[in-house]
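Enquirer: 3D model of this:
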Amino acid sequence: MDMKKISILVPTYNEEENVAPLSEAIVNLFSAELKDYDYELVFIDNDSRDNTRSLLREICAKNKRIKAIFNVKNFGQFNSPYYGLLQTTGDCTVLLCADFQDPVEMIVDFVREWENGYKIVIGQKTTSRENRVMYFLRSCYYKMIKKFSDVEQIEHFTGFGLYDREFISVLRNLDDPTPFLRGIVAELGFRRKQIPYEQQRRRAGKTHNNFMRLYDAAMLSFTSYTKIGLRMATFIGGGIAMVSFCIALVYLVLKIIFWNRFVAGTAPILIGMFFLGAVQLLFIGLVGEYILSINQRIMKRPLVIEEERINYDKEDERC
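Expert: From the prediction side, this is the model:
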């Protein structure tokens, strides 16, 4: 009987301090606790500017089960991991980050639940050693998205988990140029098992998440899975129109009754103009986010363009 094959996918970007220890930890895990399985370890590098690629070449030269895909440029934090999932060849694929925030030892728990029949086994953060303020803000964001989303959403889910090749086939057939894996797992995924864990601090290096990256993630999920932004524009616009009409009516009545004594002045007009202008700009920007999301999807650009592959045979080629 052939051994089942487990693929491990690790997206990288400027992770020179982590790729060697991580690959060693994963190889040792299969040697010690997952000896009954074959494996491949795939690194997909999103145009690192440090020594990551040269280190990956050395690692791949020492172990043919370790593979690498180098992108010609940085295609973003969502496209690159998603594309990497489509290039794996195992019976299942485990996605984890390169900085050791996702515990490597949980791969064993994922495989155990996969063997119990779950097509998707994911890690769900219950606590985190990251900044408490950031964790709180993330919690608020997840609760808001979950409340307003048209489909089920998974709180504190980063993509860390195991995916059966049947689900990988679903991803391969989606043809989405701006995929949001966390939402896709919740919306289209099979029956899943969620395993709680504590997110660790980065082992080394600096986080690559800044405000704009986090904002992109928030807006992608917001525009993909909620209608609340457009509905709010309609409801708030209607509400302001009604309030403005009532205020205008009151001012008209007061002016008619107290014609010579009632002086409205220009302050209410200016305040009203600035308020309505601010509301309009806010919702024009929000509508723009939806249009931007639509525009990215209809352009049908490729998820990733490869520069180089290492240790891939022709029979391993995927979409």
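Enquirer: The stretch 201-319 of the chain: strands as residue ranges?
Expert: Along the stretch 201-319 of the chain, the segments classed as strands by DSSP state E, counting those that start in this stretch run 306-310.
Enquirer: what bits of it have low per-residue confidence?
Expert: 201-231, 262-268, 270-271, 292-293, 295-297, 299, 314-319 (pLDDT under 70).
Enquirer: residue ranges for the helices of it, please.
Expert: Applying DSSP state H, counting those that start in this stretch to the stretch 201-319 of the chain gives helices spanning 211-225, 228-257, 267-298.
Enquirer: Packing partners of the last one?
Expert: Meaning helix 267-298. On a contact count with 3 or more Cβ pairs under 8 Å, 6 or more residues apart in numbering; DSSP states H and E, helix 267-298 meets helix 211-225, helix 228-257. (C-beta placed from N, C-alpha, C; glycine too.)
Enquirer: Let me know the outermost residue of this protein.
Expert: Asn260 (62.8 Å; Cα atoms, centre = their mean).
Enquirer: And it, how close does it get to Ala248?
Expert: 20 Å (Cβ to Cβ, to the nearest Å).
Enquirer: distance between stretch 94-113 and the chain's centre?
Expert: Remark: stretch 94-113 is offset 17 Å from the chain centroid, using Cα atoms, centre = their mean, to the nearest Å.
Enquirer: Look at it and report the distance between its end residues.
Expert: Its start and end residues considered, stretch 94-113 measures 13 Å (Cα to Cα, to the nearest Å).
Enquirer: And that stretch, what's buried?
Expert: In terms of neighbour count (16 or more other Cβ atoms under 10 Å), stretch 94-113 has its buried residues at 94-102, 104, 106-107, 109-111, 113.
Enquirer: Can you tell me which of these is closest to Asn79?
Expert: The nearest member of these to Asn79, counting by Cβ to Cβ, is Leu95 at 13.7 Å.
Enquirer: what's near enough to touch that closest one?
Expert: By Cβ atoms under 8 Å, 6 or more residues apart in numbering, the residues touching Leu95 are 9, 11, 81, 84-85, 159-161, 163.
Enquirer: Among those, which one has the most neighbours?
Expert: With neighbours taken as other Cβ atoms under 10 Å, the top of the contacts of Leu95 is Tyr163, carrying 30 neighbours.
Enquirer: Can you get me a residue count around the residue nearest to Thr52 when sequence neighbours are not counted?
Expert: Distances taken as Cβ to Cβ, 6 or more residues apart in numbering put Glu16 closest to Thr52, at 4.8 Å, once the chain neighbours are dropped. Using other Cβ under 10 Å as the criterion, Glu16 is surrounded by 18 other residues.
Enquirer: Give the phi and psi angles for Glu16, as a check.
Expert: For Glu16, the backbone dihedrals (degrees, to the nearest 10) come out as phi -60, psi -30.
Enquirer: wait, doesn't Asp47 sit right on Asn79?
Expert: No. With contact defined as Cβ atoms under 8 Å, Asp47 does not reach Asn79; the gap is 12.0 Å.
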